[in-house]
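>>> Provided below are the primary sequence and the corresponding predicted coordinates.
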Amino acid sequence: MPLDHRRLQGPEDSQPPELWAARPADGGGEEEEGGAAPRDPCALRPLFARAGLLSQAEGSAYVELSGGTKVLCAAWGPRDAAEPGGAVGAGRLLCEFRRAPFCSRGARPRPGGAAERDAEREAAAALREALEPAVRLARYPRARLTVSVMLLQDGGSALAAAISAASLALADAGVEMYDLAVGCALCRDGSAAGPWVLQPGEAEERGSAARLTVALLPALNQVSAVLGGGRGGAPEGWGRALRLGVEGCQRLYPALRHCLLRAARRRDGA
């Protein structure tokens, strides 16, 4: 039988790739993350942030959380958005949230499908709700500010990381702001008496009964957004979660400010 020399001929016998995959020393796998030793629920995951990465955008920022969450954000504006004969009013903030096709493990909605579009639209609306109180839109009448967030990897607390990255990108673009909007996420497991966990990972969020994302303007001590839902127990439990989230935002604030200072020094040195 003649061979097709234009194709790569595979071997006659093949074996599954699992046979050659490296196995962890303890014999566990990624599926057993939920059985790992519990961490301190009040401990923050290490955060890495850098501003001024993209030369094509007027402002940009990258935020990464230990555990795999990676967010890249770009900001443009202010740009003229006036309509002929329109009234003069405050500027507008437009937010876009997109998920990379490879951002999460396992099955995901069909790219471009209705479910994914609805999730991205909901995340963009939450992002705008958290950022608008921090931006001095009255200083940009008849103008448009645009923020575009790309979730490169979803390792949990993605919306909170996106809020912090978008705030850094706007500040890096020179937009006048009252303060940085800092995001912090929390979740609670299935038991209503369980503790709230700061900055949960993907496995912790997947098994949670309630989630909460807090956005804070630390210098003003003003909460710009509270987003969440689920079965979190009594109202007192939600109050404790809110106080814990505010405290987490205040602890993250110095790292984000230091990131902006480093970006300003790099820009001045260039």
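Great, that's in hand.

>>> all strands for the protein, in order.
47-51, 59-65, 69-80, 92-99, 143-153, 182-188, 196-198, 210-217, 222-230 (DSSP state E).

>>> and the first one, which strands flank it?
By that I understand strand 47-51. Applying DSSP bridges, strand 47-51 is found paired with strand 59-65 (antiparallel).

>>> neighbouring contacts of the strand it pairs with?
For strand 59-65, contacts defined as C-beta atoms under 8 Å, 6 or more residues apart in numbering pick out 45-54, 69-76, 155-157, 161-162, 164-166, 168-175, 199, 259. Heads up, the C-betas are built off the backbone N, CA and C, glycines and all.

>>> looking at this structure, which helix or strand is least sure?
The weakest-scoring helix or strand in the chain, judged by mean pLDDT, DSSP states H and E, is helix 202-206 (a mean of 85).

>>> mind listing what's buried in that helix?
202, 203, 204, 205 (16 or more other C-beta atoms under 10 Å).

>>> mind putting the residues you listed in a markdown table, distance to residue 117 included?
A markdown table is the format used below for these (distance: C-beta to C-beta, whole Å):
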| residue | distance to residue 117 |
| --- | --- |
| 202 | 22 |
| 203 | 26 |
| 204 | 26 |
| 205 | 21 |
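
>>> so which of those residues comes closest to residue 183?
residue 205 (14.4 Å; C-beta to C-beta).

>>> surely that closest one meets residue 187?
Yes - in this structure residue 205 lies within contact range of residue 187 using C-beta atoms under 8 Å: 5.4 Å.

>>> show me where pLDDT drops low in the stretch 51-200 of the chain?
Low-confidence segments of the stretch 51-200 of the chain (pLDDT under 70): 82-88, 105-113, 190-193.

>>> go again with 80.
81-90, 104-116, 189-194 (pLDDT under 80).

>>> out of the strands of the chain, deepest packed?
strand 182-188 (a mean of 28; mean count of other C-beta atoms under 10 Å).

>>> partner strands of it and their direction?
Note on strand 182-188: by DSSP bridges, its sheet partners are strand 196-198 (antiparallel), strand 210-217 (antiparallel).

>>> just to revisit the earlier point, dump the strands of the chain to TSV, plus distance to residue 120.
As requested, the strands of the chain are arranged in TSV below (distance: least, C-beta to C-beta, whole Å):
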stretch	distance to residue 120
strand 47-51	23
strand 59-65	18
strand 69-80	14
strand 92-99	5
strand 143-153	9
strand 182-188	17
strand 196-198	25
strand 210-217	16
strand 222-230	15
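
>>> residue 253: which of those is closest?
Using C-beta to C-beta, the nearest of these to residue 253 is strand 182-188, at 5.4 Å.

>>> what about that closest one, distance to the chain center?
Strand 182-188 sits 11 Å away from the centroid of its parent chain (C-alpha atoms, centre = their mean, to the nearest Å).

>>> ok, the residue lying closest to residue 104 once chain neighbours are set aside - contacts?
Among residues not flanking residue 104 along the chain, residue 154 sits closest, at 4.5 Å (C-beta to C-beta, 6 or more residues apart in numbering). Residue 154 makes contact with 68, 69, 99, 103, 104, 202 under the criterion C-beta under 8 Å, 6+ apart.

>>> before we move on, what about residue 179?
134, 217, 218, 219, 220, 222 are the contacts of residue 179 under C-beta under 8 Å, 6+ apart.
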